[in-house]
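Trainee: can you look at this prediction? I've put the sequence above it.
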Amino acid sequence: MQHLHLSQPINASDWQAQSTAQSAKIKPASLALLLQMSAACSVFLLVWLVREIAQLWGFNLTLSVFAWVLMHSVLSTLYAYIAKQAHWWRWIHFGFAFAVWGMMQIQLPSEIYLACFIVTTGIFWTTFRSQVPFFPSRPAVWQEIEQLIPQHRPTRVIDIGSGLGDMAMYIANQRPLCQAEGIEIAPLPWVVSQVRGFFKQSRARFKLGDYYDLNFADYDIIFAYLSPVAMPLLWNKAMQEMKPGSLLVSLEFEIEQMQPTNIITPKDQSPNLYVWRM
């Protein structure tokens, strides 16, 4: 199902100002770290204060580890609520201290922690900065992108945040005249996409790096599955660089104050595709 909308003009300087203002805000991961540290300090201060009061009344107060962990979890969650972090961040705050305590009880070999750290770093890399987690798209989405690509003339398409490379390889297979590419900032998914492309003998090409280093003028269709936080910066770059007639396609996430030219609903109930013709 497709719905047509007329896009509204927007001033590039306004978007530049919005992007600058947004980048000046503290990143959610950095804020989460500050809130966890604040909760830890608050727990120590609270326990010290309660113990001092108890000693004045002749009591010797001793708290269990569980009580310390529970207080930390409650306070960090409360601070996250006050700081207006997203709901899922509040659950992370609440469970973090319990997770640390539980892992200490299990006493796993240090090599396991190192391996987990290497794998998660390879997958998520700079998610704390870009605020774009690993979001794989589904085949129904690839099919809708395929329909946007002309069949009888060369077209250059790139998947921003290409992950394991599925969409780029699908497009390269379905559209022989299309030059399908992907760019991924996380090294582990990029390596996996390179290996998969080699064994599948795919024409798709994958780059390791930040999409912001690309020249958007080189592409006819740019596909992005990022996050709401990343959309203003993406739109600002698209306005500055994309050539007339080219398409910017975003899965699930809209661009505030900018109506899409077209909205596509994939058949498998995947999130909507928002299309802007530059």
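Mentor: Cool, got the structure.
Trainee: after the helix or strand encompassing Ile53, which helix or strand is next?
Mentor: Assignment of secondary structure by DSSP states H and E places Ile53 within helix 28-56. Next helix or strand after helix 28-56 toward the C-terminus (DSSP H and E): helix 65-82.
Trainee: got the angle for whatever helix or strand comes next after that following helix vs helix 28-56?
Mentor: Downstream of helix 65-82, the first helix or strand assigned by DSSP H and E is helix 87-106. Angle of helix 87-106 versus helix 28-56, following axes from the mean of the first three to the mean of the last three C-alpha atoms, to 10 degrees, is 60 degrees.
Trainee: between helix 65-82 and helix 87-106, find me the angle.
Mentor: Relative orientation of helix 87-106 and helix 65-82, computed by the same axes, to 10 degrees: 160 degrees.
Trainee: put the alpha carbons of helix 87-106 into CSV.
Mentor: Once non-C-alpha atoms are left out, helix 87-106 reads as follows in CSV (Å, rounded to 0.1, in the frame of the first residue of the first chain):
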residue,chain,number,x,y,z
HIS,A,87,11.5,3.9,29.1
TRP,A,88,13.9,1.2,28.0
TRP,A,89,16.8,3.1,29.5
ARG,A,90,15.0,3.0,32.9
TRP,A,91,14.7,-0.8,32.7
ILE,A,92,18.5,-0.9,31.9
HIS,A,93,19.2,1.3,35.0
PHE,A,94,17.1,-0.9,37.2
GLY,A,95,18.6,-4.2,36.1
PHE,A,96,22.2,-3.0,35.8
ALA,A,97,23.3,-3.4,39.5
PHE,A,98,21.5,-6.7,39.8
ALA,A,99,23.3,-7.9,36.6
VAL,A,100,26.7,-6.9,38.0
TRP,A,101,25.9,-8.6,41.3
GLY,A,102,24.7,-11.7,39.6
MET,A,103,27.8,-12.0,37.4
MET,A,104,30.0,-11.6,40.5
GLN,A,105,28.1,-14.5,42.2
ILE,A,106,28.5,-16.8,39.2
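Trainee: and the strands in the protein?
Mentor: Taking DSSP state E as the criterion, the chain contains strands spanning 2-4, 155-160, 178-184, 205-208, 221-224, 247-251, 262-264, 273-277.
Trainee: extract the CA atoms of the longest one and return them as CSV.
Mentor: Read it as strand 178-184. What follows is strand 178-184 as a C-alpha-only set of coordinates in CSV (Å, rounded to 0.1, in the frame of the first residue of the first chain):
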residue,chain,number,x,y,z
CYS,A,178,22.2,-1.6,-10.3
GLN,A,179,25.4,-0.8,-8.4
ALA,A,180,24.5,-1.9,-4.9
GLU,A,181,26.6,-0.9,-1.9
GLY,A,182,26.6,-0.9,1.8
ILE,A,183,28.5,1.1,4.5
GLU,A,184,28.8,-0.1,8.1
